[in-house]
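A.B. asks: would you be able to build a 3D model of this:
(2 chains)
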Protein chains: 2
Amino acid sequence: MSVELTTLPNGFRIVTEPMPGVSSAAVGLWIEAGARHEQEAQNGIAHFLEHMAFKGTARRTALQIAEEIEDVGGHINAYTSREMTAYYARVLRPDVGLALDVLADIVLNPRFEPREIEVERGVILQEIGQALDTPDDIIFDWLQETAYPSQPIGRSILGPSARVAGFGQQDLRAFVADHYRPGQTILSAAGAVDHDMLVRLAEPLFGHLAPSPALLPAPARFANGERRETRMLEQAHFALAIEGPSYRAPEFYTSQVYTGALGGSMSSRLFQRLREDRGLCYTVFAQSSAYCDTGAVTIYAGTGAEQIAELAALTIEELKRSAEDMSEPEIARARAQMKAGLLMGLESPAQRAERLAKLLSIWGRVPDISEAIARIDAVDVAGVRHHAEGLLAQSGMALALYGPIERAPRLAELSESLAA
Amino acid sequence: MSVELTTLPNGFRIVTEPMPGVSSAAVGLWIEAGARHEQEAQNGIAHFLEHMAFKGTARRTALQIAEEIEDVGGHINAYTSREMTAYYARVLRPDVGLALDVLADIVLNPRFEPREIEVERGVILQEIGQALDTPDDIIFDWLQETAYPSQPIGRSILGPSARVAGFGQQDLRAFVADHYRPGQTILSAAGAVDHDMLVRLAEPLFGHLAPSPALLPAPARFANGERRETRMLEQAHFALAIEGPSYRAPEFYTSQVYTGALGGSMSSRLFQRLREDRGLCYTVFAQSSAYCDTGAVTIYAGTGAEQIAELAALTIEELKRSAEDMSEPEIARARAQMKAGLLMGLESPAQRAERLAKLLSIWGRVPDISEAIARIDAVDVAGVRHHAEGLLAQSGMALALYGPIERAPRLAELSESLAA
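C.D. replies: Alright, predicted model coming up:
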């Protein structure tokens, strides 16, 4: 284990993991601020800010930012999630310092020029349009909104077009001032990297920032509800969520193994029943998504107008059955998949850098891989069945439907058959 | 360079590249048969066959295929392209032999049970529905069809629903008999693999297959044409193709560098002009796609109903301008990106195994990475400008438009301004 962590006096964290035999590096800044840190009137600003970081700094134009990284064959990108915003680059070994300098510059010194804000607004409105045109993308926004109505965690990351239309320089500056703080920022790098060098480079860039306490997001409250959007589409899209554990909860690994066995692979129950036995869908999966204080077991499938009722009924049947007869071989297989997936993910510098940042953010330390393996190995059938029973006992279930969904059951019917 | 290649007497090729420090392996079978090897009445059969491989063999049920790989934490998947079908698995080191046994079994001994064919037909019809519901997916099928009308290479990989509805066991057997031949099959593996072991395991599985000559697909003829589909969508989707070099053509690398500089990165001309300066789109890119006898320079962007005319005009402007003033720094940057991308791709066992198979299929050997680097380095501004001029001089251009496209120019207008 060669993970090294350095915390500067102001709380800024630097975590690295060199990978032998690798000639490139992934380096990035993970900031513990995302869409759920927004006030309602701010919805979309964290993501808008992520875009504006690339539109010019005190030292670099937008073109220079792109050119400096791409001149050396690297690439730079960013994403906004509900709890984090990440800015990251992939470069070859000699260019790690350059990548860090550019990343620090765009995060710390964005100009937010009014003209550039106007242009980027157009880009983001197109991004929103693209999401709306992609049914199996937008349905997850609707599911989230239904599961957490009128709450920061339930709002979309891109924000509604109407709000995006109104954001200005002051909105961007206010969000940065509140949330882009050294104690909430992690510099993470993996691959062809040297910890001491990175610390030496990062100190002058981030060490002078004044610490201030974190603004925590409002706690999430999972709700019961459904959203049905009828539209002429080829497929009826079905998405269901039940409250699950947060990523700090003891049963988090149980939930991951459970959703793996329920719908995480070709041998999983939902794949076998809905796709292999009945041919109802091409895409079907279950997953366990988690936040700092809550989580959800989510099921998605796309099917035909004539098949949506059967698909919904079989899904509920499998959810119920899983609490009764989930077997040891199925759980063993789901455990094996999680463990192998973990090991394979470690072979990619980008995945490894992201993993370091996320673990550090969740746990305040980077647990050894053997710790994760031990937690996965500790998941047993009794625990999984108990977890599945707990899901059935939840009072809330969120449902989103999109497409030719006239024959889809109502939420109340699904809840009833789940409880029956 | 540790690539090893063994060719069995019947033409079956085994290519491997061990990667030090890596504990997992990617192993797969690449078959030189895809959608363009289909007769018109067969359109969709190569892909249907790829699905049926997983639905049971003489020795394994569909569930057993999935379970055997997933029991050891691996995963198995497949894809069909226009010129190839690939079946591949990712496993940890001890399970490479198992992966090969399962892959060989599903490719050589599929049962094609009528009941399973019926079920899988439903799955594929849903897959077609999903593609039709995704505008920035389906538009590329329409572009391909427009560029190569009434030709095998122009048909969709999934096939039309009406044909998929009719396929039976005999259709599958006929395609296998014609195209799944030892001389057209490559076993490729990278990561935690041992060449001699793989050869020893592969010989009894594939060595007895009788060789027979390859059935070559009909040569491609690029055409002039447009397809316009008006639909109430958020975005107007725009895709344009001009004939480019095949992957064996001397100017293939020139074309790759050219499209990189034109629209392959943040610093590229189309990204800077359409997105960064004008805010017209979120996604915009140019790429050079290639086949054995032809290729295409393709540009895609999604924009608003009001902006589609401007976007089309600026795209044509950039295409023309690139023949006149593409500069050395831009070309140097595109070269650097291609080279770094190549090196970074080598860090992934899956990408490396795929690269080995494709290079072997194209060149009959696996050129050293230094050879690819030298070819990229040999691309200069004069060559790129010449290539760009050649594109402008083409008589054919294919255009596909989807969404609120009332204000989009006609193909004739675009062709005229390109030639002006």
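A.B. asks: contacts and neighbour counts: CA atoms only from here.
C.D. replies: Will do.
A.B. asks: can you list phi and psi of A:Ile106 for me?
C.D. replies: With angles defined as degrees, to the nearest 10, A:Ile106 sits at phi -70, psi -30.
A.B. asks: doesn't A:Arg59 make contact with it?
C.D. replies: No - counting by C-alpha atoms under 8 Å, no contact exists between A:Ile106 and A:Arg59, whose distance comes to 9.4 Å.
A.B. asks: intersection of neighbour lists for the two?
C.D. replies: Residues touching both A:Ile106 and A:Arg59 (C-alpha atoms under 8 Å, 6 or more residues apart in numbering or on different chains): none.
A.B. asks: more crowded one of these two?
C.D. replies: Neighbour tally, A:Ile106 and A:Arg59, criterion other C-alpha atoms under 10 Å in any protein chain shown: the higher count belongs to A:Ile106, 23 against 13.
A.B. asks: give me the number of residues near the nearest residue to the more buried one once chain neighbours are set aside?
C.D. replies: The spatial neighbour of A:Ile106 that comes closest, neighbours along the chain excluded (C-alpha to C-alpha, 6 or more residues apart in numbering or on different chains), is A:Ala53 at 4.9 Å. Close neighbours of A:Ala53, defined as other C-alpha under 10 Å, add up to 22.
A.B. asks: looks to me like A:Tyr88 is in a strand.
C.D. replies: Yes - with DSSP: H, G, I helix; E, B strand; the rest coil as the criterion, A:Tyr88 is part of a strand.
A.B. asks: what about it, distance to B:Ala62?
C.D. replies: Here A:Tyr88 is placed at a distance of 41 Å from B:Ala62 (C-alpha to C-alpha, to the nearest Å).
A.B. asks: can you check A:Phe206 too?
C.D. replies: On the measure of C-alpha to C-alpha, A:Phe206 and B:Ala62 end up 55 Å apart.
A.B. asks: count of neighbours near A:Glu347?
C.D. replies: Using other C-alpha under 10 Å, A:Glu347 has 20 neighbouring residues.
A.B. asks: just A:Ala189 next, same as before
C.D. replies: By the criterion of other C-alpha under 10 Å, A:Ala189 has 33 neighbours.
A.B. asks: strands of the stretch 201-350 of chain A, residue ranges please.
C.D. replies: For the stretch 201-350 of chain A, the strands defined by DSSP state E, counting those that start in this stretch cover A:225-230, A:236-244, A:284-290, A:295-303.
A.B. asks: centre of the chain to stretch A:152-164, how far?
C.D. replies: 16 Å (C-alpha atoms, centre = their mean, to the nearest Å).
A.B. asks: name the residues of that stretch that are buried.
C.D. replies: By neighbour count with 16 or more other C-alpha atoms under 10 Å in any protein chain shown, stretch A:152-164 contains the buried residues A:152-159, A:161, A:164.
A.B. asks: what about stretch A:174-181, average pLDDT?
C.D. replies: Averaged across stretch A:174-181, pLDDT comes to 96.
A.B. asks: buried stuff in it?
C.D. replies: In terms of neighbour count (16+ other C-alpha under 10 Å), stretch A:174-181 has its buried residues at A:175-176, A:179-181.
A.B. asks: which residues touch that stretch?
C.D. replies: By C-alpha under 8 Å, 6+ apart, the list of residues contacting stretch A:174-181 reads A:31-33, A:38, A:45-46, A:209-212, A:214-215.
A.B. asks: over to stretch A:315-327?
C.D. replies: Counting contacts by C-alpha under 8 Å, 6+ apart, the residues outside stretch A:315-327 that touch it are A:262, A:269-270, A:274, A:381, A:384-389, A:392, A:414, A:417-418.
A.B. asks: 6 Å instead?
C.D. replies: Contacts with stretch A:315-327, where a contact means C-alpha atoms under 6 Å, 6 or more residues apart in numbering or on different chains, come from A:385, A:388-389.
A.B. asks: how about stretch A:63-77?
C.D. replies: A:87-91, B:266-267, B:333, B:336-337, B:340.
A.B. asks: check the offset of that stretch from the chain's centre.
C.D. replies: Offset of stretch A:63-77 from its chain centre (C-alpha atoms, centre = their mean): 25 Å.
A.B. asks: just to revisit the earlier point, of all the strands of the stretch 201-350 of chain A, which one is nearest A:Pro20?
C.D. replies: A:Pro20 lies closest to strand A:284-290 among the strands of the stretch 201-350 of chain A, at 31.8 Å (C-alpha to C-alpha).
A.B. asks: distance of the residue lying closest to A:Pro149 once chain neighbours are set aside from chain B?
C.D. replies: What sits nearest to A:Pro149 in space, not counting adjacent residues and going by C-alpha to C-alpha, 6+ apart, is A:Ala223, at 7.1 Å. Taking C-alpha to the nearest C-alpha, to the nearest Å as the measure, A:Ala223 falls 29 Å from chain B.
A.B. asks: what's near enough to touch A:Ala223?
C.D. replies: A:147-148, A:396.
A.B. asks: got a pLDDT number for it?
C.D. replies: Per the predicted model, pLDDT is 94 at A:Ala223.
A.B. asks: quick one, phi/psi of it?
C.D. replies: Backbone geometry at A:Ala223, expressed as degrees, to the nearest 10, gives phi -120, psi 170.
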